[in-house]
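> got a sequence here, can you model it:
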Amino acid sequence: MGAESNESLDLLSVVLTGIPGLEAQHGWLSIPFFTMYIVAIVGNILIMAAVQEDSALHEPMYLFLSMLAVTEVGVSVSTLPTVTGILWFDAHRVDFDGCLAQMFFIHTFSCMDSGVLLAMSYDRFVAIYNPLRYTAILTLPCIICMGLGITLKSVALMAPLPILLRQLPYCHTNVLSHSYCLHSDLIQLPCADTKLNSILGLAIVLATFGLDSLLIVVSYVLILYTVMGIASGEGRWKALNTCVTYFIYLFVPPVLNPIIYSVKTQPIRQGILTLFSCKRELL
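A predicted model of the protein is given here:
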């Protein structure tokens with residue numbers, strides 16, 4: 001059974017349908033999709049470059065923003081090959097191992113994204129609840145440890161998913177109604193009991209996105225409570241405006257985050273302009 005399963009996997013390729021019902025419009029749809037990818041990837045790379053080059057931006061808030069940019073570039077790059085392959089070249093078939101790899105990277109970077117958003121909410125909580133000890137609590141080693149912890153947790157949680165899927169026998173059904181490979185779709189393909197995979201997937205979602213979301217909401221409730229206690233109206237407005245900006249990041253796709261950074265965060269905007277000015281001088 002195991003040998004037959006491995007042989008079937010060697011021959012198996014996954015068919016991605018793309019956008020069901022809009023196959024005839026894939027060529028036109030590729031234009032806005034590719035534009036969004038360019039904005040998301042280039043914009044977030046500019047954020048990372050600006051933070052790296054400008055020593056004034058080597059503060060906890062901007063380092064966390066840079067981490068968020070890394071995760072969003074990762075998500076975009078992970079989905080880009082199959083999406084553009086389908087929309088541009090009508091390439092719907094993906095090698096099974098390649099599909100597993102894409103699934104792993106998409107879920108890993110998404111999990112990292114959730115962890116960074118939680119770290120950002122903690123950053124704002126410390127900055128507002130205990131501003132005098134802010135720099136003492138969120139030191140550079142602490143931020144590095146948080147980033148490594150988020151990465152290791154995400155990799156450790158997502159690694160079992162492709163490994164378990166690789167052990168299952170597969171039949172002839174290999175069509176996914178999507179433009180890229182996700183765990184929730186792939187567990188529909190094996191001709192065996194996938195209850196363990198489903199339970200594991202649900203547990204990971206609850207342990208990461210569910211728990212992170214709950215902690216983020218709690219932190220912002222505490223932040224709001226603290227902000228309302230600030231005596232100065234100007235100080236209250238400044239703190240609230242910063243938190244609203246951070247909260248927006250929870251609900252927008254990667255393509256919009258660079259725009260929000262530039263509009264709402266003046267030091268980031270200035271850092272990007274300085275980066276371009278330096279490049280122009282070198283040329």
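> count the neighbours of V83 for me.
21 (other C-beta atoms under 10 Å). The way it works is simple: take the backbone N, C-alpha and C, and place the C-beta from them, glycine included.
> can you tell me how far it sits from M36?
Distance, V83 to M36, by C-beta to C-beta, to the nearest Å: 10 Å.
> with D123 instead?
In terms of C-beta to C-beta, D123 sits 28 Å off from M36.
> and the helices in the stretch 1-150 of the chain?
2-11, 26-53, 60-89, 96-129, 134-137, 140-158 (DSSP state H, counting those that start in this stretch).
> D123 and M36 - which one has more neighbours?
D123 (23 against 15).
> quick check: the more buried one touching L138?
Yes: under the criterion of C-beta atoms under 8 Å, D123 makes contact with L138 at 6.3 Å.
> got a list of what S110 touches?
If you count contacts by C-beta atoms under 8 Å, 6 or more residues apart in numbering, S110 has them with 71, 75.
> how close does it sit to V39?
Distance from S110 to V39, counting by C-beta to C-beta: 19 Å.
> pLDDT weak spots in this structure?
Where the chain drops to pLDDT under 70, the residues are 1-11, 21-24, 230-236, 238-264, 278-283.
> ok, L275 - how many residues close by?
When neighbours are counted by other C-beta under 10 Å, L275 registers 17.
> look up how far L46 lies from it.
Remark: distance between L275 and L46 (C-beta to C-beta) = 7 Å.
> now do D90
Noted for D90: a distance of 32 Å to L46, by C-beta to C-beta.
> same drill for those two, tell me which one is more crowded.
Neighbours per residue (other C-beta under 10 Å) separate D90 from L46, with L46 holding more: 19 against 11.
> name the element the residue lying closest to that one once chain neighbours are set aside belongs to?
Distances taken as C-beta to C-beta, 6 or more residues apart in numbering put I272 closest to L46, at 5.4 Å, once the chain neighbours are dropped. Using DSSP states H and E, I272 falls within helix 266-282.
> buried sites along that helix?
Of the residues in helix 266-282, 267-268, 271-272, 275 count as buried by neighbour count, 16 or more other C-beta atoms under 10 Å.
> out of those, which is nearest to E72?
Ranked by distance to E72 (C-beta to C-beta), those are led by I268 at 14.5 Å.
> look up how far V155 lies from that closest one.
In terms of C-beta to C-beta, I268 sits 28 Å off from V155.
> again, but for V42
Where V155 is concerned, V42 sits at a distance of 26 Å (C-beta to C-beta).
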